[in-house]
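K.L.:
Provide a 3D model corresponding to the input given below.
(chains A and B)
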Amino acid sequence: MNGANKATPTALGGLRLLEISSMVAAPFCGKLLASLGADVIKIEPPKTGDPSRRRGPFPGDVPHPERSGLFLYLNTGKKSLTLDLNDHQGRKILGELTENVDVLIHDLPPIRASEWGLGQDQLAAAFPDLISAAITPYGSSGPYSDYAASDINVFHAGGEGNLLPNGLALDQFPDRAPITAGGMMGSYQGGLTAAVGITGAVFAKWGGSPGQSVDCSIQEAQLTIGYLPVQRLESEGLVETRFSRYFRVGGVMPTSDGHVELLTLEPRQWESLGVFLGGPDWAAPERFQDPATHGAEINRNVREWTAAKTKDWLYHEGQAQGVPFAPYYTPKEVFESPHQRGRDFFVPLDHPEAGEYEYAGLPFNMAETPPNLSRAPLLGEHNSEVLQALGYAPENIVALARAGVV
Amino acid sequence: MTNSPGPLSGIRVADFSVHAAGPFAGLMLAEMGAQVIKIESSARLDITRRTHTMYGKPPSSFEQINANKMSACLNLKEPRAVELALELARVSDLVLENFRPGVFERLGIGYASLRQVKPDIILVSLSSNGQSGPESNYAGYAPMFAALGGLGHLTGYPDGPPVELRHGMDHTGGMLAAFAAVAALCAKRRTELGQHVDVSVRDMGTAFIGPALLDYAMNGREANRQGNRDDTAAPQGVYRCLGDDAWVSISVGSQQEWRGLIDAMGRPAWVGGDRFGDAFRRWKHHDELDGLIGAWTATSTPREVTEKLQSHGVAAFPSLSPDQVVSDPHLLAREAFPTVTHPEKGKQRAVVPPWRFSKTPARIDQWTSDLGEHNLEVFHGILGLAKSEVEALEKAQIVW
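P.N.:
Have a look, this model is predicted:
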């Protein structure tokens, strides 16, 4: 689903974008925009590059800045320019680059952004046509805007962390700390949300709106996505907790080979579940209508029943009989999923240093302007190309490199 | 400035979606200024309109998701209603739906039919498993997308079961659909091409664990859930504080932050030696370290720990409960809970749009409409039917 050849038009073809970013949120945003055909130049610190280059996974667990799975995945389709933004010459080049792009994305704390001339007002004054976006943990204003933050902090600042886990995991470990969603989910949510706003600003600009800044707080992205507990509090006075938020019937069920999720939200589904279970009295339809009374007993019995089955048997047989089961797939099982393979979801990408692997593809397809993945850049791979396009002669580029600016 | 139109001003969206993920996509477009018409019917009430077996009474709690939208009714079992749906598509830029794949076609509103009435229409189809592939017809709800996509497996305590990801998963899928929708609008503005857009929330669950899948592809290793821990930052965790169910999240990613942490803790004696000297050793002794940090946090509130650690450059923040979210000083300073007036309930707070545009502000300013509140405005005002005809269609349970 991610295949596109050069002749195919893209949604953001011709859009020029600078990305000053590290780790997950802003790079994921840039990856999405690059997949739509935007020309994304990622600016990295000379020598070390994006910190994600120092994290794994690495092939054979041997650290190498060009072989980090985290970096390779989150920076598909971009160019890399190394530039020392602590150096005045580096910032001069940044200014020249900014003059030549449509969009600038950064994830710098507001204090640092201002020092480097990348504050909202500074950019608006210097580059009135530019769309600039700051993607930061707590946004560009407010008392905590310069707080240090990792994915875990923002996930708990957005309210969702406090409500995890629930259901079976909480039954087993009621005294443990609330948790964070896996895989740095909150950072992906922040990057995705920012991509919506930036694309919206591009759409407006293409319709005649002026350049502008977009302040994207990852905390607020998570709050928007997780608005429901706020609304329940506001409308009903109910303070949700991880102890109150669980499915009375259904949820996580053990199997002989892992776990499945069971959700019967509609009457026809729990009636089908009763049939699927062989019609025991404890799963009679009227018992599902009073989950507060019977839910715990139903779940106990269903869990005993599922524990002897495999997750794929429950999934396929259950779905065939109108009972929504879904397996908790491990990475291997996802990687081998016949369904996603059948959709051509995985995309082989070759990389000169890391080698060829199949990557998770893009979770959307556009029939006429298909999104596309291509490999991540080497550190500074496009220094010459980008600087020459700005008018720097090869000998000047060498001098800048010797001075450690690029 | 504050009255300036949003970035999608002038765009009209016919939103046929129900439940959570699709309507959330519609909300995002509406917050950016699109005119979003929610098409619904008394014949098939959206979960936001009825008493629900899981969530109980009809759901003030579900209100924000349909804010900023108009409500118009069409009973799509009626041929005339399908005609009107196509008429509405003819004057819309984008159609949004989240039926199971194939259902929209069977109703007579599939992409081929839409394209006949409007060749450059954008149809955004949001589904659990996508429009193609052997399991595309399977039913799915939020935690199931996460389970299938692999994100569920990676969430939870390492020695416990996987954990359900709930509405957040739906709404993130809606955010993805909004992204694809705006991308398609950009494409149309550039190329004049409409198109069918296929968004799969299961695939999104997989796209969010891309690095873990590369670990499998590179090393044949299966990542497991690890609670609050990180692959490299150590210590990292959520620690109990003074108060009822009070917790603070702390993450130490560098030696400098480690020094900040131990300075903030008053350089306790156990720091001596090289037991915790680098991230690798801290990882190795993480359980022990968690106990020591937890003993320190237990005597202060989450706010006190946060302020102390932040003043030493260490990433920390309280784990906010919903009532703490709405009273968080930072969010209040950023006016994150604007007041929206509800016709019956008066003023209610809502969650602010997640982007602060300096020139084309997004906003949430109109509470969820009553069912069919805009029937006249849509079918008479936009489609040009006589008022008497709209009334007749209402009586005939077509506009219903």
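K.L.:
Skip the chain neighbours and tell me the closest residue to B:Trp400.
P.N.:
Among residues not flanking B:Trp400 along the chain, B:Asn75 sits closest, at 4.8 Å (Cβ to Cβ, 6 or more residues apart in numbering or on different chains). Quick note: C-beta positions are derived from backbone N, CA and C, even for glycine.
K.L.:
Can you report phi and psi for that neighbour?
P.N.:
Main-chain dihedrals, B:Asn75, degrees, to the nearest 10: phi -90, psi 100.
K.L.:
ok, it touching B:Leu45?
P.N.:
No. The criterion here is Cβ atoms under 8 Å, and B:Asn75 misses it with B:Leu45 at 11.4 Å.
K.L.:
Residues that sit against both of those two, list them.
P.N.:
Common neighbours of B:Asn75 and B:Leu45 (criterion: Cβ atoms under 8 Å, 6 or more residues apart in numbering or on different chains): none identified.
K.L.:
ok, these two, which is more surrounded?
P.N.:
Between B:Asn75 and B:Leu45, counting by other Cβ atoms under 10 Å in any protein chain shown, B:Asn75 is the more crowded of the two (19 against 14).
K.L.:
Secondary structure class of whatever residue of the stretch 151-300 of chain B ends up closest to chain A, three-state.
P.N.:
As assessed by Cβ to the nearest Cβ, chain A sits closest to B:Leu154 within the stretch 151-300 of chain B, at 2.9 Å. Per DSSP: H, G, I helix; E, B strand; the rest coil, the local secondary structure of B:Leu154 is coil.
K.L.:
Could you measure from it over to B:Leu176?
P.N.:
19 Å (Cβ to Cβ, to the nearest Å).
K.L.:
Where does pLDDT dip in the chain?
P.N.:
With no chain named, the answer covers chain A. Along chain A, the parts satisfying pLDDT under 70 run over A:1-6.
K.L.:
um, chain B though
P.N.:
For chain B (pLDDT under 70), the answer is B:1-3, B:51-62, B:345.
K.L.:
So the longest helix anywhere in it, near chain A or not?
P.N.:
Taking DSSP state H as the criterion, chain B has its longest helix at helix B:167-191. Yes. Counting by Cβ under 8 Å from any Cβ of the partner chain, chain A has neighbours in helix B:167-191: B:167-168, B:171-172, B:175-180, B:182-187, B:189-191.
K.L.:
Next secondary structure after that helix?
P.N.:
On the C-terminal side of helix B:167-191, the closest following helix or strand by DSSP states H and E is strand B:195-200.
K.L.:
Work out the gap between the following helix or strand past that next one and the centre of the chain.
P.N.:
Using DSSP H and E, the helix or strand that follows strand B:195-200 in sequence is helix B:201-207. Averaged C-alpha coordinates place helix B:201-207 at 14 Å from its chain's average position (Cα atoms, centre = their mean, to the nearest Å).
K.L.:
same question, stretch B:366-377
P.N.:
Distance, centroid of stretch B:366-377 to centroid of chain: 23 Å (Cα atoms, centre = their mean).
K.L.:
Stretch A:282-302 too?
P.N.:
Between the centre of stretch A:282-302 and the centre of its chain there are 37 Å (Cα atoms, centre = their mean).
K.L.:
Could you tell me the end-to-end distance of it?
P.N.:
Length of stretch A:282-302, first residue to last, Cα to Cα, to the nearest Å: 10 Å.
K.L.:
same deal with stretch A:170-190?
P.N.:
This stretch, stretch A:170-190, spans 27 Å end to end (Cα to Cα).
K.L.:
same check, this time on stretch B:231-240
P.N.:
With Cα to Cα as the measure, stretch B:231-240 spans 22 Å from end to end.
K.L.:
What residues sit buried inside it?
P.N.:
By neighbour count with 16 or more other Cβ atoms under 10 Å in any protein chain shown, stretch B:231-240 contains the buried residues B:Asp231, B:Ala233, B:Ala234, B:Pro235, B:Gln236, B:Gly237, B:Val238, B:Tyr239, B:Arg240.
K.L.:
What are the phi and psi values at residue 38?
P.N.:
Since no chain was named, I'll use chain A. Backbone phi and psi, for A:Ala38 under degrees, to the nearest 10, turn out to be phi -70, psi 150.
K.L.:
let's do chain B instead
P.N.:
Dihedral angles of B:Lys38 (phi, psi; degrees, to the nearest 10) stand at phi -80, psi 120.
K.L.:
Tell me if A:Arg232 really is in a helix.
P.N.:
Yes. Assessed by three-state DSSP, A:Arg232 belongs to a helix.
K.L.:
And it, how far from A:Arg91?
P.N.:
For A:Arg232, the distance to A:Arg91 - Cβ to Cβ - is 48 Å.
K.L.:
Between those two, point out the one with more neighbours.
P.N.:
Set A:Arg232 next to A:Arg91 and count neighbours by other Cβ under 10 Å: A:Arg232 wins out with 21 against 18.
K.L.:
wait, doesn't that one sit right on A:Leu238?
P.N.:
Yes. Distance between A:Arg232 and A:Leu238: 4.8 Å, which falls inside the contact criterion (Cβ under 8 Å).
K.L.:
Next, the contact list for A:Glu66, please.
P.N.:
By Cβ under 8 Å, 6+ apart, the contact list for A:Glu66 reads A:Arg53, A:His351, A:Pro352, A:Glu353, A:Ala354, A:Leu378, A:Leu379.
K.L.:
Neighbours of the fifth one, how many?
P.N.:
Taking other Cβ under 10 Å as the neighbour definition, A:Ala354 ends up with a count of 22.
K.L.:
any idea how far the nearest residue to A:Thr136 once chain neighbours are set aside is from chain B?
P.N.:
What sits nearest to A:Thr136 in space, not counting adjacent residues and going by Cβ to Cβ, 6+ apart, is A:Asp107, at 6.0 Å. Look at A:Asp107 and chain B: by Cβ to the nearest Cβ, to the nearest Å, they are 14 Å apart.
K.L.:
residues in contact with A:Asp107?
P.N.:
Applying Cβ under 8 Å, 6+ apart to A:Asp107 gives the contacts A:Ile20, A:Ser21, A:Ser22, A:Ala25, A:Ala26, A:Ala134, A:Ile135, A:Thr136.
K.L.:
Okay, and which of the residues you listed map to helices?
P.N.:
Taking DSSP H, the ones among these that sit in helices are A:Ala25, A:Ala26.
K.L.:
Just the closest of the contacts of A:Asp107 to A:Leu163, please.
P.N.:
Taking Cβ to Cβ as the measure, A:Ala25 is the one of the contacts of A:Asp107 closest to A:Leu163, at 21.1 Å.
K.L.:
Is that closest one in contact with A:Ala194, as I believe?
P.N.:
Yes. If you go by Cβ under 8 Å, A:Ala25 and A:Ala194 touch, sitting 7.3 Å apart.
K.L.:
Give me the more crowded residue out of those two.
P.N.:
Using other Cβ under 10 Å as the criterion, A:Ala25 and A:Ala194 rank with A:Ala194 on top: 32 against 29.
K.L.:
Run through the neighbouring helices and strands of the strand or helix carrying B:Leu96.
P.N.:
Element membership of B:Leu96 [criterion: DSSP H and E] is strand B:94-97. Applying 3 or more Cβ pairs under 8 Å, 6 or more residues apart in numbering or on different chains; DSSP states H and E, one finds that strand B:94-97 makes contact with strand B:12-15, helix B:21-31, strand B:122-127, helix B:167-191.
K.L.:
Of the residues of helix B:167-191 next to chain A, keep whichever come out buried.
P.N.:
Taking 16+ other Cβ under 10 Å as the criterion, what is buried in those is B:167-168, B:171-172, B:175-180, B:182-187, B:190-191.
K.L.:
give me the number of residues near B:Ile47?
P.N.:
Residues lying near B:Ile47 (other Cβ under 10 Å) number 19.
K.L.:
need the strands for chain A, in chain order.
P.N.:
A:16-20, A:39-44, A:78-82, A:103-106, A:131-136, A:212-217, A:251-255, A:258-262, A:325-327, A:347-349, A:357-359, A:364-366 (DSSP state E).
K.L.:
Same list (those) but as CSV, adding mean neighbour count and distance to B:Met204.
P.N.:
Shown next, in CSV, are those (neighbours: other Cβ atoms under 10 Å in any protein chain shown; distance: least, Cβ to Cβ, whole Å):
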stretch, mean neighbour count, distance to B:Met204
strand A:16-20, 23, 22
strand A:39-44, 25, 21
strand A:78-82, 24, 21
strand A:103-106, 25, 21
strand A:131-136, 29, 19
strand A:212-217, 27, 19
strand A:251-255, 23, 20
strand A:258-262, 25, 16
strand A:325-327, 29, 15
strand A:347-349, 16, 15
strand A:357-359, 21, 15
strand A:364-366, 27, 8
